[in-house]
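# no FASTA, just this:
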C-alpha cells in the first residue's frame, strides 16, 4: 500500500444465478436460469480504506512458501534463519507458532506439499539416486554433470508424516511416474482429499488424479469451455475446485470427483466476472472464502449467498501474494503474506476506515526536491508509518516538479 489514503474506485457487483448446467458438461442441453431467493446485493467499496497492523509470524521465519489449514490450526512451510525448508505449527489465529523437525524429509529434485484436513502432511517428491556417488554439489569445481547423470535413477514418491514429524508411510508411485517424461520432472502442486486417501497433482503441466496406494485414476478432465482455476478446502475439509467458463465470468465451486477425474456437478453458478485465484476455509456463517484480483468474498453455509468481506484492491496487496486469509468474529480480515523483498513472513490485520474518517486524520506534509518513488527506502518507511499509526499520516510533496 503506497499510503493510507489511496482510494479504491471499483464497485464490485456479484450476483447468484441458479442453472441446470453443472461443472462438467457431458452433453449440450438447454439451461434453465432462475433467480435465487434473497439474491446477493452489491456492496459499495468506493469509500473503503484500510489501516494495517503488521506483525511477523514468528522470529526467524524469513520466507513463507506454504500456509496450509487443517482441523487444529495451520501448518507452515518456509525458510528460517538456520535452515530451509523449515516447518511450523500454529493455532487458528496464527498467534502461537512452534517450529518442529521432520528428520526424514526429502526435497529430491522437486517436491510439493499439502496437509489433509485430519492432520497429516503429504509430500510428492521426484527422488534422485546417484548410487555410490556422494550427493551432487553443482557449485563444486570438480562437479561432473555427465558422470552424475550417467548413474542417476529417478522415481516419484508419496510420503506421509504426522504432525510430530514422524514418517508414517511411503509409496512408490510407479504407475503415475510412467505417465510422465521420466528423469527429472517438475512437481508443481499437490491437493489432498479431507481424509488423505486421494490426491490431485500437477507434474510438468499435466494434472493427474490418484489414490494413496498409487492407483492412477487418470488426467483431470475439462472441455473447451470449462477451466479449473483454483483448489481449496471448505469448513468441512472438503476439497473444492473453482470451475469457470472461457470468458472467466461464470464460476462454479464444485467438489472434485477423484475417481472420475473431474468436478462434480453443481447447480449454482456465480456471475463473478473475474478469475478466482484462491479458495480458503470459511468460519462462522461462511463455508469458504474465495479470492479474486479485487476482493475476498464469503459464501454462506445456509443459502450459498455471497458477501464481499474485503477489498484486495484497496489493500494494495496483489492476490498472488496472499498465502492465506481469515476473518475474526467482527469480519476483520487478516492476510498471511510473504514479503520477498524484505525477507519477512507477515500477518497483516486490516481495519476498514471510510473516506470521511481518513479526511479527519491530520496530515504531516514533507517537502522534497525529488520524487520519493525514486527512493524506495523512504517510500517504505512512510508506508510503514501510515500503516501502523492511525492518528496521523504522512504525505510527500515533490517540489522538484
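Done, it's in. Nothing here was measured: the structure is a model prediction, and the numbers come from that model.
# which SSE is the residue sitting nearest the centre point of the chain in?
Closest to where the C-alpha atoms of the chain average out (CA atoms, centre = their mean) is residue 323, at 4.5 Å. Assigned by DSSP states H and E, residue 323 belongs to strand 322-327.
# likewise residue 112?
Here residue 112 sits within strand 110-115, counting by DSSP H and E.
# thinking again about what came up before, note down every partner strand of the strand holding residue 323 and its orientation.
Partners of strand 322-327 in the sheet, by DSSP bridges, are strand 333-339 (antiparallel).
# Distance from the chain centre to whichever helix or strand comes after the partner strand, please.
Downstream of strand 333-339, the first helix or strand assigned by DSSP H and E is strand 344-354. Put simply, strand 344-354 sits 17 Å off its chain's centre (CA atoms, centre = their mean, to the nearest Å).
# Quick one: residues in contact with the strand holding residue 112.
Strand 110-115 is contacted from outside by 66, 68-70, 75, 77, 121-126, 184-192, 199, 201, using CB atoms under 8 Å, 6 or more residues apart in numbering. C-betas here are computed from N, CA, C, even on glycine.
# from these, which would you call buried?
66, 68-70, 75, 77, 121-126, 185, 187, 190-192, 199, 201 (16 or more other CB atoms under 10 Å).
# Which of the residues you listed fall within strands?
If you go by DSSP state E, these have 66, 68-70, 75, 77, 121-126, 187, 190-192, 199, 201 in strands.
# Low-confidence bits of the stretch 251-400 of the chain, can you list those?
Applying pLDDT under 70 to the stretch 251-400 of the chain flags residues 369-377, 387-390, 400.
# mind running it again at 80?
340-342, 354-359, 366-393, 395-400 (pLDDT under 80).
# quick one: the helices in it?
Counting by DSSP state H, counting those that start in this stretch, the stretch 251-400 of the chain has helices at residues 312-315, 355-359, 376-388.
# nearest to residue 261, of those helices?
Comparing the helices of the stretch 251-400 of the chain against residue 261 with CB to CB, the closest turns out to be helix 312-315 (31.8 Å).
# Am I right that residue 329 is in contact with residue 284?
Yes. Here residue 329 lies in contact with residue 284, judged by CB atoms under 8 Å, at a distance of 6.7 Å.
# of those two, who's got more company?
Counted by other CB atoms under 10 Å, residue 329 and residue 284 do not tie: residue 284 has more neighbours, with 12 against 7.
# show me what contacts that one?
Taking CB under 8 Å, 6+ apart as the definition, contacts of residue 284 comprise 327, 329.
# before we move on, the earlier item: what about the helices of the stretch 251-400 of the chain, which gets the closest to residue 108?
Ranking the helices of the stretch 251-400 of the chain by distance to residue 108, with CB to CB as the measure, places helix 312-315 first at 34.7 Å.
# how far out from the middle of the chain is that closest one?
Helix 312-315 sits 16 Å away from the centroid of its parent chain (CA atoms, centre = their mean).
# now do stretch 203-214
20 Å.
# Buried residues in that stretch, which are they?
By 16+ other CB under 10 Å, the buried positions in stretch 203-214 come out as 203, 207-212, 214.
# Ok, stretch 330-343 next?
Quick answer for stretch 330-343 (16+ other CB under 10 Å): 332-339.
# What is the end-to-end distance of stretch 177-188?
Stretch 177-188 has an end-to-end distance of 14 Å (CA to CA, to the nearest Å).
# mean confidence score for that stretch?
Across stretch 177-188, pLDDT averages out at 96.
# Might you quantify the distance of it from its chain's geometric centre?
With CA atoms, centre = their mean, you get 24 Å for stretch 177-188.
# Next: stretch 185-201.
Taking mean C-alpha positions (CA atoms, centre = their mean), stretch 185-201 and its chain are 15 Å apart.
# so what's residue 363 bridging to?
residue 393.
# Oops, could you answer that again for residue 125 instead?
As for beta bridges, residue 125 partners with residue 111, residue 157 under DSSP bridges.
# quick one: it from residue 383, how far?
39 Å (CB to CB, to the nearest Å).
# Between the buried residues of stretch 203-214, which sits nearest residue 311?
Nearest to residue 311 among those is residue 207, at 31.5 Å by CB to CB.
# excluding its backbone neighbours, what's nearest that closest one?
Distances taken as CB to CB, 6 or more residues apart in numbering place residue 220 nearest to residue 207, at 4.4 Å, with adjacent residues excluded.
# Contacts only, for that neighbour.
Per CB under 8 Å, 6+ apart, neighbours of residue 220: 200, 207-209, 228, 261-262.
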